[in-house]
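A.B. asks: Any chance you could fold what I've pasted below:
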Amino acid sequence: MQYHDSIEQAEQKMHAAIKQLQLWHIPATPINYAVSYNYLNQNSKQLNSAIEKQLATGKKIDNFFLAEAYRQYVLKQSAFRSELIDDLDEVLVDLHANSTQSSVCTNHLINQLDHNISNLQSTNKNEVFSAIKQIRQNTKHFKLAQEKLAKQLRLSQRSTDALRSELDEVKKEVYLDPLTGLYNRKAMTKHLDTWLSNDPTKHVAAIVVNIDHFSQMNERFGPLLSDVLLAKIAKKVSSYVGESGLPIRSAGDEFLILLPDVERNIAGEIAEKIRQGVEKLRFVSSKSGTRLPPMTLSIGVSDYNVATSANAIIKQTRALISDISQTLTNHVNIANT
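C.D. replies: I've put the predicted structure just below:
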């Protein structure tokens, strides 16, 4: 995307973008500013359509929505980068396997040569000595060459490890929510696809976690403090998820946990532990010293076949609490069998 504004034009657009964020009651972070700037300048029809749809349905424009919009419509590289990550992953795995196998084969061959040399026998001593001398010379050259190759392979392996480390950083940007560190919806879809490919009969338990009255908290204390609270609650929620589970930020004030091969009743027990754990948290403003109200959760629990789409899982599990959220909070609702 090219920008050819004069200094005066750029300054006018900057003030307009910041004013738009103020109207949305959103802080002017670099990502939020980029989305607002592109929205006002109509640089992306898809971006403008997504924002207008959000507003038309009465939904709030928040940090979570703008972060998703930034990845999808401003970067315009998300799909390409995801494919690139998958391709690089395969290349790295192959390179690592080939390097390891080459080293093993080389060492094995060297050991065999040494062993065979020691077992050479002949009735003619001169021929034996000459043969041994020649073989030892050849072996020496061969070993030197192989040692050089092994050294190159070790260097290649270190480069591969460095590349994998860089790749992991890119994965974080593509698949992790920047505020909470939890997975995003793209990661959820990827995991569902992987599980489906490995075992079409596989089931996952789904736990939707909604923070009660979080919008009022946001309006009362502002988005910056609300983001801090959100990150702390996300950390607490994810602490109850095992290594096989997948904690996801599915909406602004909502989390989703996928638990593969976990029964619904067991997921319900985990959900109750999460509810109690967050309820016990106490928050104090570091700036004013004010004790903040305790936070509570409304949680829905169900289970699905992995062929179910990410959107369907979120929508159906969310419905377990959304229909009664106005009258009942701080509870766990488990779907009927």
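
A.B. asks: how about Q54, secondary structure?
C.D. replies: What DSSP: H, G, I helix; E, B strand; the rest coil gives for Q54 is helix.

A.B. asks: What is the neighbour count of it?
C.D. replies: Neighbourhood size, Q54 [other C-beta atoms under 10 Å]: 16. To be clear about C-beta, it is placed using only N, CA and C from the backbone, and glycine gets the same treatment.

A.B. asks: quick one, strands of this protein?
C.D. replies: Using DSSP state E, the strands assigned to the chain run over residues 203-211, 246-251, 254-260, 297-305, 331-334.

A.B. asks: JSON lines for those, including mean pLDDT and mean neighbour count?
C.D. replies: Converted to JSON lines, those look like this (pLDDT from 0 to 100; neighbours: other C-beta atoms under 10 Å):
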{"stretch": "strand 203-211", "mean pLDDT": "96", "mean neighbour count": "25"}
{"stretch": "strand 246-251", "mean pLDDT": "94", "mean neighbour count": "24"}
{"stretch": "strand 254-260", "mean pLDDT": "96", "mean neighbour count": "23"}
{"stretch": "strand 297-305", "mean pLDDT": "96", "mean neighbour count": "23"}
{"stretch": "strand 331-334", "mean pLDDT": "92", "mean neighbour count": "20"}
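
A.B. asks: Keeping just the C-alphas, turn stretch 312-323 into CSV.
C.D. replies: What follows is stretch 312-323, C-alpha atoms only, in CSV (Å, rounded to 0.1, in the frame of the first residue of the first chain):
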residue,chain,number,x,y,z
ALA,A,312,-20.3,-23.2,15.1
ILE,A,313,-18.5,-24.3,18.3
ILE,A,314,-18.2,-20.8,19.6
LYS,A,315,-21.8,-19.9,18.6
GLN,A,316,-23.4,-23.0,20.1
THR,A,317,-21.4,-23.0,23.3
ARG,A,318,-21.9,-19.3,23.8
ALA,A,319,-25.7,-19.8,23.5
LEU,A,320,-25.6,-21.8,26.7
ILE,A,321,-24.9,-18.6,28.7
SER,A,322,-26.0,-15.7,26.4
ASP,A,323,-29.7,-16.6,26.7
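
A.B. asks: List the buried residues in that stretch.
C.D. replies: Residues I313, I314, Q316, T317, R318, L320, I321 are the ones in stretch 312-323 that count as buried (16 or more other C-beta atoms under 10 Å).

A.B. asks: average model confidence for it?
C.D. replies: Mean pLDDT, stretch 312-323: 91.
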